[in-house]
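> Got a predicted model here, sequence first, then my questions.
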Amino acid sequence: MKITKPFLVLLILLSACVSFAQSGKKLDKIIKRDYQIIECTVLKMSDKTVEYSLPGETVQISLDISQIAKIDFASGRSQTFDISPNATNSAQSTSSSQPIISADKQHNTIAVLPVPYVNADNQQGSEDMAKFAQNDLYNKLLDKSANIFPLTVQDLRTTNSLLHKAGIDHNNIDETPIEDLEKILGVDNIVAAKVSYTIGTGTTATTYDSGNAKVSNNNKKVTTSDISTTTANNQTYYYYTVYFDMYRNTDKIYSQTRKPLLALKDGWMDSISYLLKRSPIYVKK
């Protein structure tokens, strides 16, 4: 078939228009958290992944939503993904992610909060020690119940159960406003403490001397054999700072910081007792 020149020109123009239309098609843009931008066509989205294809390809690629910061769609709409590696845990662990459920208010009742027990060098907390410290402070209040009358101490199981339902523990207790804690626990008094510590080591040496003496037959010459033994002992020292606060109807009525005189492993316990006895709720009998 013979192709005339005008028809050939028209065919070339038509092909150019099609190519231009294809190349000029707007694409979606996926902006990743590492700042990489992917120009593509988004095909499918779910709670966990986004599926897309690259220009000129039909292969579907899946990308985890945790890697995505934002998608700018070709339509002009944008969607931001507020998901970071710690976002899920933070959302679950902070009280702001959950509605505050107020317990029935018990007047003249004091609650003992979980006591963060934190290594100041690495900011790592110990859950077991936080529970132990909370239990120790709770028992000290119970033992001195006559000295804090008319206050009664909220049962520790009740306190921890209400906090657990609100998503609060020793990790995020410091981030929760006191007014929210009073509503959650249904109390009008709160005692809050925190134990921060660093660990040091040292070596002490102890020397033991012993000897034998021998007298000659003529009682004039004496010979001795001395023995000296040195023993090295490694010591671990705990340097504590105890923070102690009390609140009444959301007002801070007492705030003290104390460092134990002796760097002993249980030195923080003596500081808790010292600060409690000097708090405004304590009355000597």
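Sure, I can see it.

> Sort out which residues of stretch 153-173 are buried, please.
The neighbour-count check on stretch 153-173 (16 or more other Cβ atoms under 10 Å) flags 153-154, 156, 159-160, 162-163, 166-173 as buried. Yep, even glycine has a C-beta here, placed from its N, CA and C like the rest.

> Sorry, slip of the keys, the one I care about is stretch 116-123.
116, 117, 118.

> ok, the nearest residue in space to the last one that is not next to it in sequence - how many residues close by?
In other words, residue 118. Residue nearest to residue 118 in three dimensions, not counting chain neighbours: residue 125, with 4.8 Å by Cβ to Cβ, 6 or more residues apart in numbering. The number of residues packed near residue 125 is 17, by other Cβ atoms under 10 Å.

> what does residue 248 give?
Neighbour count for residue 248, taken as other Cβ under 10 Å: 18.

> what's the spacing between it and residue 151?
10 Å (Cβ to Cβ, to the nearest Å).

> in the stretch 101-250 of the chain, which spans are strands?
Listed in chain order, the strands of the stretch 101-250 of the chain (DSSP state E, counting those that start in this stretch) span 106-112, 117-119, 124-125, 152-153, 187-215, 222-248.

> What is the first one packed up against?
Looking back up the chat, that one is strand 106-112. Packing partners of strand 106-112 (3 or more Cβ pairs under 8 Å, 6 or more residues apart in numbering; DSSP states H and E): helix 127-143, strand 152-153, helix 156-165, strand 187-215.

> Deepest-packed of those, please.
Of all the helices and strands packed on strand 106-112, strand 152-153 carries the top mean neighbour count, a mean of 20, counting by mean count of other Cβ atoms under 10 Å.

> what does that strand rub up against?
Contacting residues not belonging to strand 152-153 are listed as 106, 108, 109, 110, 111, 112, 138, 141, 142, 145 [Cβ atoms under 8 Å, 6 or more residues apart in numbering].

> Count residues in the vicinity of the nearest residue to residue 41 once chain neighbours are set aside, would you?
In space, and not counting its chain neighbours, residue 41 is closest to residue 53: 5.3 Å by Cβ to Cβ, 6+ apart. By the criterion of other Cβ under 10 Å, residue 53 has 14 neighbours.

> quick one: residue 136 from residue 271, how far?
Per Cβ to Cβ, residue 136 is found 11 Å from residue 271.

> With residue 152 instead?
According to Cβ to Cβ, residue 152 and residue 271 sit 25 Å apart.

> related to what we said a few turns ago, need the residues touching each of residue 248 and residue 151.
residue 189.

> Ranking helices and strands of the chain by mean pLDDT, which lands last?
Of all helical and strand segments in the chain, the minimum by mean pLDDT, DSSP states H and E falls on helix 87-93, at a mean of 38.

> Perfect, I'm done here.
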